[in-house]
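Enquirer: No letters, just coordinates:
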């Protein structure tokens, strides 16, 4: 990472693990390319989330989470309430970041819905608009869906069912570490109360408390990078663009050739299904066996028909954002 980028982020985050692979393939791995990416893309599209923002996200998710399904669709496991609470809060943090970004750069007010209801009611859009001088927000003219991931996230991923309902998809990357929730509890003195209970129950002594106090860091602000957006209108269907690699097996076949082991989707935009990808001329030309795996790089999963857009291909310039704001 270029020194100036590292120092900029380091001023906000003191957990170096958050800094790994921060550009997520949006720039080439060279000093010049990273600096250009930082100046033109990362810095102007970043917002700092303070403790009040984090509190709002937790409070909103505490209200919403009991009404949400507890199933983790990726893993097929039931999440306990604490995990559901913090997972939902992360999504609210992304929405708050977009709110602050739009207000800071375009002086345009938006509203985030926090009422309880069925998930299907909120899938089309995360943003409502507040007209200047108006008392109540209105529904935006276009339906904008906001997705949140960590700094090293490479993809904007949208379930096919939601892709059909929304018009615009925005990706926010959070510089959030695994200690943020415990650090927040520490700032509220909640961790101290747990320590006191530990002493009362003879589960902790003073030395252990000192160790734990150092291991749980102080709460720090969260940088949010609004990576960009993609508009469904104008995209070629089902696949707008596709970039891939073809890793090969180590063992050679009878002809001395190392066969292709799988196809790795490195970038692109579209509904990535086996059927759609196999119709791409460059893929057809490979004459792959029908059982060849097609994976999405950086996620570790096979293509599944959902919508994916690599973050490096998202629209991000101020003019593109201004055009989008004008449509809301």
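Expert: Everything's here; your move. The structure presented is a predicted model; accordingly, all values stated were derived computationally and were not measured.

Enquirer: Neighbours of the residue nearest to residue 303 when sequence neighbours are not counted, how many?
Expert: Sequence neighbours aside, residue 272 is the residue nearest to residue 303 in space, at 4.2 Å (criterion: CB to CB, 6 or more residues apart in numbering). (Glycine included, C-beta is placed from N, CA and C.) Residues lying near residue 272 (other CB atoms under 10 Å) number 24.

Enquirer: For the stretch 201-328 of the chain, which residues score under the pLDDT cut-off?
Expert: Scanning the stretch 201-328 of the chain for pLDDT under 70 picks out nothing.

Enquirer: quick check: domain ranges of this structure?
Expert: As assigned by automatic domain parsing, the chain contains the domains 3-179+219-231, 181-215, 239-307.

Enquirer: quick one on the thing from earlier: so what's the residue nearest to residue 303 up against?
Expert: The contact partners of residue 272, by CB atoms under 8 Å, 6 or more residues apart in numbering, come to 239, 265, 294, 296, 303-308.

Enquirer: switch the cut-off to 7 Å
Expert: Residue 272 sits next to 265, 296, 303, 306, 308 when contact means CB atoms under 7 Å, 6 or more residues apart in numbering.

Enquirer: likewise residue 316?
Expert: Residue 316 touches 41, 45, 227-228, counting by CB under 7 Å, 6+ apart.

Enquirer: Same list (the residues you listed) but as CSV, adding distance to residue 108.
Expert: What follows is the contacts of residue 316, written out as CSV (distance: CB to CB, whole Å):
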residue, distance to residue 108
41, 21
45, 16
227, 19
228, 18
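
Enquirer: Who wins on neighbours among the residues you listed?
Expert: Most neighbours among the contacts of residue 316, by other CB under 10 Å: residue 227, with 26 neighbours.

Enquirer: Surely that one and residue 169 touch.
Expert: No - using CB atoms under 7 Å, residue 227 is not in contact with residue 169; the gap is 11.0 Å.

Enquirer: tell me the SS of residue 236?
Expert: Secondary structure for residue 236, judged by DSSP: H, G, I helix; E, B strand; the rest coil, is coil.

Enquirer: Check which helix or strand the residue lying closest to it once chain neighbours are set aside maps to.
Expert: Spatial nearest neighbour of residue 236, chain neighbours left out: residue 270 (7.6 Å); criterion: CB to CB, 6+ apart. Element membership of residue 270, judged by DSSP states H and E, is strand 262-271.

Enquirer: got the buried residues for that strand?
Expert: Across strand 262-271, burial judged by 16 or more other CB atoms under 10 Å covers 262-265, 267-271.

Enquirer: Then stretch 304-313?
Expert: In terms of neighbour count (16+ other CB under 10 Å), stretch 304-313 has its buried residues at 306-313.

Enquirer: Likewise for stretch 235-247?
Expert: Neighbour counts over stretch 235-247 (16+ other CB under 10 Å) mark 235, 238-240, 242, 244 as buried.

Enquirer: I'd like the residues you listed laid out as CSV, including distance to residue 54.
Expert: Listed next are these as CSV, based on distance: CB to CB, whole Å:
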residue, distance to residue 54
235, 35
238, 38
239, 38
240, 36
242, 38
244, 39
